[in-house]
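Trainee: I would like to see how this sequence folds:
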Amino acid sequence: MTSTRGAWSLAGILAGAAGLATSYLTANLLSIRESPVVAVAEDVIRLTPGPVAEAAIDLLGHRDKAVLVAGILVVVTVLFAVVGHLARRSWWAPVLILTALALAAATAVLLPQGTANATDALPVLAGFVTWLVALSLLAAPLRTADAATESTVPGEPAAAMPESSRRGFLIGAGAVAGTVAVAGVLGRFVGAGRREVERIRGLLRLPGVSAPQVPPRAIIGAEGISPWLTSATDFYRIDTAIAIPVVNPSDWRLRIQGLVDREIELTFDELNAFEKTEAWVTLNCVSNPVGGDLIGNAWWSGVRVATLLADAGVQPGADAVLQTSEDGWTCGTPLEALTDDRDAMLAVAMNGKPLPIEHGFPVRTIVPGLYGYVSATKWVVDLEVTRFADIQAYWTEKGWAERGPVKLASRIDVPDSGAEVAAGEVAVAGVAWAQHTGISAVEVAVDGGAWQRADLADPGTIDTWVQWRAVVDLEPGEHRIVVRATDAEGLVQTDVERDVLPDGATGRHGIDLSVSG
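Mentor: Modelled structure (predicted):
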């Protein structure tokens, strides 16, 4: 190292990395969900237009959040390099940039929470102080080296960086890099808050919650078909949270407010004192493409929302409920869907056990017949009875439809598209759904020919998917098989292909097979 030019930029990057690692560690030590990078990433998600968000999900799938965080880290790394470069000539310029970054991070942490809780900003403060201290530590030997270089007699070769300065910088850089590594590792494993909540969750005994019993006629008996019950591990997860909210049941509160006669606030224990309702309900994401797997079926246990709204006394003129999650996410749900005869519930259990943290522990909302973006609020903490004309929710602000009834759909699970099968009779099977309406028929067609009726299972409920199976006779060659469903009201699944935006995909799922002689 004979020049300090690159060393200044490196100093800025190392100091910045130390600040980020310290803020991450602090957030985990204090069980604060919003570390600065996470908060900024979630703000980016909130502000991203709907079509852009959908394109990112289509392109990146479940990697979208990881790519976003990586992109933010790349941007701030460049800014930290600039900070280091500016520190060579000025003390106030880097402080100004670091202050601006800290203020932006604090704003991202505090504003979505709707509070100015100083504790939530502690990770930002810890990171800012670390930035300043680390940059000062690394700058000291570099300033000494620059002073020696500037004392060179004009016309003579530039003086090399003094050995003492080089050694001092390398020692400081090593110490800062070590701090980054240690803080990052500790932050990853500290997570005391989550471990405590997981411990509490494991000990919970919820009254009125029973183990799932699969309806005996719900299984069609086809190998490779989607299981009737989707395990919590395999259940799809779509949300905007970069860091999953970790909520202790003893701290959880539900507020019911707005156009009601009596505002209500419930604790977790008070909610569980109500009589439980339990039901098989299939959830379906509005982003699920034709034939997609963003759908799952589970046994949910909870308290009917209609009971709680009746206690609050809904006022005339209300037609919506604005739901709010612990992380600030919102959705607008038709009031009628929460108060009619369907089992719209505040669920506390999934498949007979307390909700997994990733799926909304301690309480989430389940509303049969609606896409999740207008109904399925995880970590729910607020229900505001209101009017659609007076609200904007997270996804509707991004161009999605105000109301999201699930569309009639069907899917072929087996055989896989592109598979090679033997000529003759071939079993084709899958699932169909029209939640809160029900399925009356499923048919398949080979190469655009006549529709052939499939056998249907009978789950005994209209709020779940239905397994189906058909046997088709295939000759050698290339073939395409398409499926369509008919709901209980006689509506036949459309063949018009539409994208998921603004209110769910339409079209018919098909597979291509190679049939050998």
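Trainee: how far is stretch 392-409 from where the chain is centred?
Mentor: Remark: stretch 392-409 is offset 17 Å from the chain centroid, using CA atoms, centre = their mean, to the nearest Å.
Trainee: in that stretch, what's buried?
Mentor: 393-396, 398, 400-402, 404-409 (16 or more other CB atoms under 10 Å). Glycine gets a C-beta too; all of them are placed from N, C-alpha and C.
Trainee: can you tell me the SS state at Ala21?
Mentor: helix (DSSP: H, G, I helix; E, B strand; the rest coil).
Trainee: just to check, it is in contact with Val176?
Mentor: No. When contacts are counted by CB atoms under 8 Å, Ala21 is not listed as touching Val176 (9.8 Å).
Trainee: which residues does Val444 bridge with?
Mentor: Gln452, Val483 (DSSP bridges).
Trainee: check the gap between it and Phe169 for me.
Mentor: With the distance defined as CB to CB, to the nearest Å, Val444 ends up 71 Å from Phe169.
Trainee: check contacts around Thr330.
Mentor: Leu322, Gln323, Thr324, Ala393, Tyr394 (CB atoms under 8 Å, 6 or more residues apart in numbering).
Trainee: please disregard the earlier target; I meant Gly127.
Mentor: Gly19, Leu20, Thr22, Ser23, Thr26, Pro36, Ala102, Ala105.
Trainee: tell me the confidence at it?
Mentor: pLDDT, Gly127: 89.
Trainee: nearest residue to it in space, please, no chain neighbours.
Mentor: Closest residue to Gly127 apart from its sequence neighbours, by CB to CB, 6 or more residues apart in numbering: Ser23 at 3.3 Å.
Trainee: so the one you found sits against Trp131, correct?
Mentor: No. The criterion here is CB under 8 Å, and Ser23 misses it with Trp131 at 9.5 Å.
Trainee: quick one: which of those two has more around it?
Mentor: Using other CB atoms under 10 Å, the more surrounded residue of Ser23 and Trp131 is Ser23, with 31 against 28.
Trainee: distance of the more buried one from Ala15?
Mentor: 13 Å.
Trainee: so Gly127: helix, strand or coil?
Mentor: Reduced to three states with three-state DSSP, the structure at Gly127 is helix.
Trainee: which residues of the stretch 51-200 of the chain fall in helices?
Mentor: Applying DSSP state H, counting those that start in this stretch to the stretch 51-200 of the chain gives helices spanning 64-87, 92-110, 122-150, 163-190, 192-203.
Trainee: and those helices, which one's lowest on average pLDDT?
Mentor: Among those, helix 163-190 scores lowest, with a mean of 80.
Trainee: list the buried ones in that helix?
Mentor: So, applying 16+ other CB under 10 Å, buried residues of helix 163-190: 165-166, 168-169, 172-173, 176, 179-180, 183-184, 187, 190.
Trainee: would you turn these into JSON lines with distance to Phe388?
Mentor: Shown next, in JSON lines, are the buried residues of helix 163-190 (distance: CB to CB, whole Å):
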{"residue": "Ser165", "distance to Phe388": "66"}
{"residue": "Arg166", "distance to Phe388": "67"}
{"residue": "Gly168", "distance to Phe388": "65"}
{"residue": "Phe169", "distance to Phe388": "61"}
{"residue": "Gly172", "distance to Phe388": "59"}
{"residue": "Ala173", "distance to Phe388": "57"}
{"residue": "Val176", "distance to Phe388": "53"}
{"residue": "Thr179", "distance to Phe388": "51"}
{"residue": "Val180", "distance to Phe388": "49"}
{"residue": "Ala183", "distance to Phe388": "47"}
{"residue": "Gly184", "distance to Phe388": "45"}
{"residue": "Gly187", "distance to Phe388": "42"}
{"residue": "Val190", "distance to Phe388": "43"}
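Trainee: which pair in these spans the largest distance?
Mentor: Ser165 and Val190 (36.3 Å; CB to CB).
Trainee: surely Ala485 is within a strand?
Mentor: Yes. Counting by three-state DSSP, Ala485 is located in a strand.
Trainee: show me the residue at the heart of the protein, geometrically.
Mentor: Asp239 (2.4 Å; CA atoms, centre = their mean).
Trainee: where does pLDDT dip in the chain?
Mentor: 1-3, 31, 33-34, 62, 112-118, 149-162, 190 (pLDDT under 70).
Trainee: domains in it, as residue ranges please.
Mentor: 5-190, 253-398, 409-516 (automatic domain parsing).
Trainee: return the most buried member of those domains.
Mentor: The highest mean neighbour count among those, using mean count of other CB atoms under 10 Å, belongs to domain 253-398: a mean of 20.
Trainee: mind checking how far it is from the chain centre?
Mentor: 17 Å.
Trainee: and the nearest residue to Leu408 once chain neighbours are set aside, what does it touch?
Mentor: Spatial nearest neighbour of Leu408, chain neighbours left out: Ala434 (4.5 Å); criterion: CB to CB, 6+ apart. Ala434 is in contact with Val406, Leu408, Ala409, Ile462, Ala485, Asp487, Ala488, Leu491, counting by CB under 8 Å, 6+ apart.
Trainee: Ile256 sits in which helix or strand?
Mentor: Here Ile256, judged by DSSP states H and E, is contained in strand 253-258.
Trainee: wait, what's in contact with the closest residue in space to Ala419 that isn't next to it in sequence?
Mentor: What sits nearest to Ala419 in space, not counting adjacent residues and going by CB to CB, 6+ apart, is Leu513, at 5.9 Å. Residues counted as contacts of Leu513 (CB under 8 Å, 6+ apart) are Pro415, Ser417, Gly418, Ala419, Glu420, Val421, Val426, Leu474, Glu478, His479, Arg480, Ile481.
Trainee: can I get the residues you listed in JSON lines including secondary structure and distance to Val83?
Mentor: Output for the contacts of Leu513, formatted as JSON lines (DSSP: H, G, I helix; E, B strand; the rest coil; distance: CB to CB, whole Å):
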{"residue": "Pro415", "secondary structure": "coil", "distance to Val83": "58"}
{"residue": "Ser417", "secondary structure": "coil", "distance to Val83": "52"}
{"residue": "Gly418", "secondary structure": "coil", "distance to Val83": "52"}
{"residue": "Ala419", "secondary structure": "coil", "distance to Val83": "56"}
{"residue": "Glu420", "secondary structure": "strand", "distance to Val83": "59"}
{"residue": "Val421", "secondary structure": "strand", "distance to Val83": "62"}
{"residue": "Val426", "secondary structure": "strand", "distance to Val83": "64"}
{"residue": "Leu474", "secondary structure": "strand", "distance to Val83": "66"}
{"residue": "Glu478", "secondary structure": "strand", "distance to Val83": "61"}
{"residue": "His479", "secondary structure": "strand", "distance to Val83": "63"}
{"residue": "Arg480", "secondary structure": "strand", "distance to Val83": "59"}
{"residue": "Ile481", "secondary structure": "strand", "distance to Val83": "60"}
